[in-house]
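Chemist: Need coordinates for the below:
(one chain, ligands or ions: 1)
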Amino acid sequence: MRIDVITIFPEYLAPLELSLIGKARKDGLIDVHLHNLRDYTHDRHRTVDDTPVGGGAGMVMKPEPWAEAFANVLASGKGESDDGSASPLVIFPNPAGEPFTQRAAEQRAEEPWLIFACGRYEGIDERVYEYLADQGVRVALSSLGDYVLNGGEVAVLAMTEAIVRLVPGVVGNPESIVEESHTSGLLEYPLYTKPARWTSPDGVQRDVPEVLLSGHHARIQKWRRERSLERTAERRPDLLEGRE
Ligand SMILES: COc1cccc(COC(=O)c2cn[nH]c2)c1
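Modeler: The predicted structure is shown next:
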């Protein structure tokens, strides 16, 4: 998988060099390229934003630098993505986007080439989205949640982690990416490890639920399912709507 990120703060994406992602890059499983949007400006101040037409507070990102940046990334990526013909999916983290869910992460993990475009300020001139669509580029606006960040970079780090960990070979034990919250459509059951009895600093003796020590797998599985349903009903009843 090839990942390009266009941003005015490339240093924000430095964590992509680390750990899981860093290893996947070394193993050649993913290939990450960062692009500074300001490299596609031509004025002394490397201007990427301007005041909103029609008035209003804040600033809007100008269309020209984005068009130049995409032209460059689309051209450079064509040769290098897994198969030369791969057409990229462009993802704009955006509070006005569609919810980014585990299902979306699974879908994105199938893509040979992702381009993340990090908005800042109040947002990006709408004509950039229209221009890309007119070029036949697939565009998705993805929201991590109903809150506003100062820019898309943090959202790209989160989405990249959720997506790349699903790419075969990235996570050592494929089993460990199966049993997790939201994979079953429910929240994960309570987890325990040794010791079976833990005396916490307040002097309370806290035992692991007996059933988990029974070695009776059917009972354990039943207990876990019940706990998942219980806490999903408690914390995320919305996930239970529309389930049989
Ligand atoms: C496209 O323009 C902008 C402008 C400002 C911030 C951002 C970054 O996205 C978010 O803030 C976000 C994403 N999911 N939940 C919040 C994009």
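Chemist: does the ligand sit close to stretch 101-116?
Modeler: No: Stretch 101-116 stays clear of the ligand (Cβ under 6 Å from any ligand atom), getting no nearer than 10.7 Å. Where C-beta positions appear, they are placed from N, C-alpha and C, glycine not excepted.
Chemist: quick one: low-confidence parts of this protein?
Modeler: Residue ranges of the chain with pLDDT under 70: 20, 79-85, 178-181, 183.
Chemist: can you pull out the strands in this protein?
Modeler: In the chain, the strands defined using DSSP state E lie at 2-7, 31-36, 49-50, 60-61, 89-99, 113-117, 138-143, 197-199, 205-207.
Chemist: Starting from the last one, tell me which strands it pairs with and how they run.
Modeler: The sheet places strand 205-207 alongside strand 197-199 (antiparallel), with pairing taken from DSSP bridges.
Chemist: So which residues make contact with the partner strand?
Modeler: With Cβ atoms under 8 Å, 6 or more residues apart in numbering as the test, strand 197-199 has contacts from Q205, R206, D207, V208.
Chemist: run the last query once more with 10 Å
Modeler: Y192, V204, Q205, R206, D207, V208 (Cβ atoms under 10 Å, 6 or more residues apart in numbering).
Chemist: list the contacts for the fifth one?
Modeler: The contact partners of D207, by Cβ under 10 Å, 6+ apart, come to Y192, P195, A196, R197, W198, L213.
Chemist: again, but for the third one
Modeler: Shown in contact with Q205 (Cβ under 10 Å, 6+ apart): R197, W198, T199.
Chemist: give me the beta-bridge partners of the second one?
Modeler: Translated: W198. Bridge pairing for W198 (DSSP bridges) gives the partners R206.
Chemist: and the residue in the chain positioned nearest to the ligand, how many neighbours?
Modeler: Among all residues of the chain, G119 sits closest to the ligand, at 2.4 Å; criterion: Cβ to the nearest ligand atom. G119 sits with 25 neighbouring residues when counted by other Cβ atoms under 10 Å.
Chemist: ok, now A57?
Modeler: Other residues near A57 come to 7 when the count uses other Cβ under 10 Å.
Chemist: tell me the contacts of the residue nearest to it when sequence neighbours are not counted?
Modeler: What sits nearest to A57 in space, not counting adjacent residues and going by Cβ to Cβ, 6 or more residues apart in numbering, is E122, at 7.6 Å. By Cβ under 10 Å, 6+ apart, the contact list for E122 reads D49, P52, G56, A57, G58, M59, V60, M61, V148.
Chemist: What about the ligand: which of these touch it?
Modeler: Among these, proximity to the ligand is found for V148 (Cβ under 6 Å from any ligand atom).
Chemist: Just the buried ones from the contacts of E122, in PyMOL syntax?
Modeler: Applying 16 or more other Cβ atoms under 10 Å to the contacts of E122, the buried members can be selected in PyMOL as follows:
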select buried, resi 49+59+60+61
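Chemist: Tabulate the contacts of E122 (CSV), appending distance to I3.
Modeler: Converted to CSV, the contacts of E122 look like this (distance: Cβ to Cβ, whole Å):
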residue, distance to I3
D49, 25
P52, 31
G56, 33
A57, 33
G58, 29
M59, 27
V60, 26
M61, 21
V148, 24
